[in-house]
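In: 3D, please:
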Amino acid sequence: MDFSNSTIFKSIAHEVGNKFRDEGIGYSDTDIDIQDNDTQILFTRYLLSSFKEDEFYNFFHPTDLLMNEVYVYVSNIFKNPSDFIEQSKSIALHLYNESTHPKVNKGELYIVFFKECRIEDEVVDAIGIFKSETKDSYLKAQKHKDNFVLVSDRGVNVDKLDKGCIIFNTERKNGFKVTLVNSSRSDDAQYWKERFLQLTASNDSYHSTKNYLSLTKAFVTKELANDIEINNAEKADLLNRSVAYFKNNSQFSEKEFASEVFSNPQIADSFKQFKNEYKQQRAVDLADDFQISSQVVKKQAKILKSVIKLDKNFHIYIHGQPELIEKGFDEVSGKYFYKVFFDNES
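Out: You can find the predicted model right below:
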């Protein structure tokens, strides 16, 4: 994604409350009045700076895509921009109807029509939907004749967007390409993605890579010990080899991956069975071949650290050769120990 040449064509704000508390909606009938260029720059920064990853979703509906309300309203705006204000009110009403969780806060809903947005090799229009719920307190010193007057006020932090999405006018039949921001990690955050927007992960290299790395981690750390006898050093080695495969290849092949990472046929068979169960339980797509996303690998590699944690005192980081680590039990002290063999100390 690249917004460096993007401009705001239209923008409007509505106040959307919590329906559970009967807070209502405050509609606007005209575009936002942005009074100077500095404010315009800050507003654009507030809306766009949080969108940093090429993780995309699509609108969906279990019955018919045309029953997804946001998809329909956004489609109408792209088709006829003169209907922008009325369609934005429909979006605000739909959000209000889905804002029934007690923790959903009242806030400003910004709906913005962008021009000249680059996504991959395309330059397209885009619609942004942003919700501001959190206000920060700040102080401002005002110069008077002989002194300063200190006043306080509340406003949004331009570097922290609460909730937002940008819908790119491409792949309409598949539910458009949508990117998402949701800074809330609590249960109420699900209303934004799942109930209001109704998004599903795009079937692309980003999610294919992410899903397969998550599958591998779950298998090695949680499932493997149930099937065969394996120690933590050997588990760490499997995680290392998994990450190395994704780092060293641009194209994923399940056959090659299993051969390089799970050289033990028993482990390979167990992984194949676990994958099938994982797909059904999580309802995720796990392709046999796909292009690897280096962006995801870089991010996920930090999570797939090969570490053996010993009480609260020691961490052993393993980068390879698990056969040089031995685990034992000392009967005198009644404690377990690890013996590490090495050539040089630095």
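
In: verify the stated contact: residue 46 with residue 158.
Out: Yes. With contacts defined as C-beta atoms under 8 Å, residue 46 counts as touching residue 158 at a distance of 4.1 Å. The C-beta positions use only the backbone N, C-alpha and C, and glycine is treated the same way.

In: so which of those two has more stuff around it?
Out: residue 46 (19 against 14; other C-beta atoms under 10 Å).

In: residue contacts, that one?
Out: By C-beta atoms under 8 Å, 6 or more residues apart in numbering, the residues touching residue 46 are 156, 158, 159, 161.

In: give me the distance between the first one and residue 138.
Out: Going back to what we said before, that points to residue 156. From residue 156 across to residue 138, the span is 10 Å (C-beta to C-beta, to the nearest Å).

In: same check, this time on the last one
Out: Using C-beta to C-beta, we find residue 161 at a distance of 17 Å from residue 138.

In: give me the more crowded residue out of those two.
Out: residue 161 (23 against 11).

In: and stretch 233-247, how far from the chain's centre?
Out: 24 Å (C-alpha atoms, centre = their mean, to the nearest Å).

In: make that stretch 207-221, sorry
Out: Its chain's C-alpha centre and that of stretch 207-221 lie 16 Å apart, by C-alpha atoms, centre = their mean.

In: now it: average pLDDT?
Out: Averaging pLDDT along stretch 207-221 yields 87.

In: return it as PDB; C-alpha atoms alone will do.
Out: Only the C-alpha atoms of stretch 207-221 are listed here, as PDB (Å, rounded to 0.1, in the frame of the first residue of the first chain):
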ATOM      1  CA  HIS A 207      -2.500 -15.200   5.100                       C
ATOM      2  CA  SER A 208      -1.200 -18.500   3.600                       C
ATOM      3  CA  THR A 209       2.300 -17.900   5.200                       C
ATOM      4  CA  LYS A 210       0.800 -16.700   8.500                       C
ATOM      5  CA  ASN A 211      -1.600 -19.700   8.700                       C
ATOM      6  CA  TYR A 212       1.100 -22.200   7.900                       C
ATOM      7  CA  LEU A 213       3.600 -20.800  10.500                       C
ATOM      8  CA  SER A 214       0.800 -20.800  13.100                       C
ATOM      9  CA  LEU A 215       0.000 -24.400  12.200                       C
ATOM     10  CA  THR A 216       3.600 -25.400  12.600                       C
ATOM     11  CA  LYS A 217       4.000 -23.700  15.900                       C
ATOM     12  CA  ALA A 218       0.800 -25.400  17.300                       C
ATOM     13  CA  PHE A 219       2.000 -28.800  16.100                       C
ATOM     14  CA  VAL A 220       5.500 -28.600  17.500                       C
ATOM     15  CA  THR A 221       4.700 -26.900  20.800                       C
END
